[in-house]
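Enquirer: mind folding the following:
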Amino acid sequence: METRLSVPLLTLFIMLMGCAVFVPKETLYLKSAQDHATQEEVRRQLGAPALTASNEKGGVIWVYQVREQQSGSRWRAPGLWCDEYVLTFDEQTILRQWTHRSEFHGGELMPTYCVTGGFGSKS
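Expert: Numbers count the residues shown, from 1 in each chain. Below you'll find the predicted structure:
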């Protein structure tokens, strides 16, 4: 018995595999670190946070902003990709929660904010 994959199924498989390749290293690390990594372990992996704050429960919030310049082309303007990671640690300094948001700033290389409505923004 011969098994044949249909073209649409094969295309979907290739697209899904391609998406897995482009997951940021920060996201991969944070997925594996949630609920057990300490602040010190996170700092060793990701470096110092851009911003820090505390929450009402006595936990600590760290904000990382990863900026990557993108050159322009015939079809798109140059600009900057900015990824914002907001990490929440509990009172024992364990990473309990994190979020990731990304925004492209077309035509801007030095935007004043990372993502619209990001951590600490007034909008």
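Enquirer: and residue 39, how close does it get to residue 102?
Expert: 24 Å (Cβ to Cβ, to the nearest Å). Yep, even glycine has a C-beta here, placed from its N, CA and C like the rest.
Enquirer: how many residues are close by the residue nearest to residue 24 when sequence neighbours are not counted?
Expert: Distances taken as Cβ to Cβ, 6 or more residues apart in numbering put residue 83 closest to residue 24, at 6.3 Å, once the chain neighbours are dropped. Neighbour count for residue 83, taken as other Cβ atoms under 10 Å: 18.
Enquirer: list the beta-bridge partners for the closest residue to residue 54 other than its chain neighbours.
Expert: The spatially closest residue to residue 54, leaving aside those adjacent along the chain, is residue 60, at 5.7 Å (Cβ to Cβ, 6+ apart). Listed by DSSP bridges, the beta-bridge partners for residue 60 are residue 54, residue 89.
Enquirer: I'd say residue 115 and residue 82 touch.
Expert: Yes - if you go by Cβ atoms under 8 Å, residue 115 and residue 82 touch, sitting 6.1 Å apart.
Enquirer: quickly list what's touching both of those two.
Expert: Each of 102-103 lies in contact with both residue 115 and residue 82 under the rule Cβ atoms under 8 Å, 6 or more residues apart in numbering.
Enquirer: show me where pLDDT drops low in the chain?
Expert: Counting by pLDDT under 70, the chain shows low-confidence ranges at 1-21, 76, 121-123.
Enquirer: all helices for it, in order.
Expert: 7-21, 25-33, 39-46 (DSSP state H).
Enquirer: check contacts around the spatially most central residue of the chain.
Expert: Using Cα atoms, centre = their mean, the residue of the chain that lies closest to the mean C-alpha position is residue 100, 4.2 Å off. By Cβ under 8 Å, 6+ apart, the contact set of residue 100 is 24, 26-27, 30, 83-85.
Enquirer: make it 6 Å
Expert: Taking Cβ atoms under 6 Å, 6 or more residues apart in numbering, we find residue 100 in contact with 27, 85.
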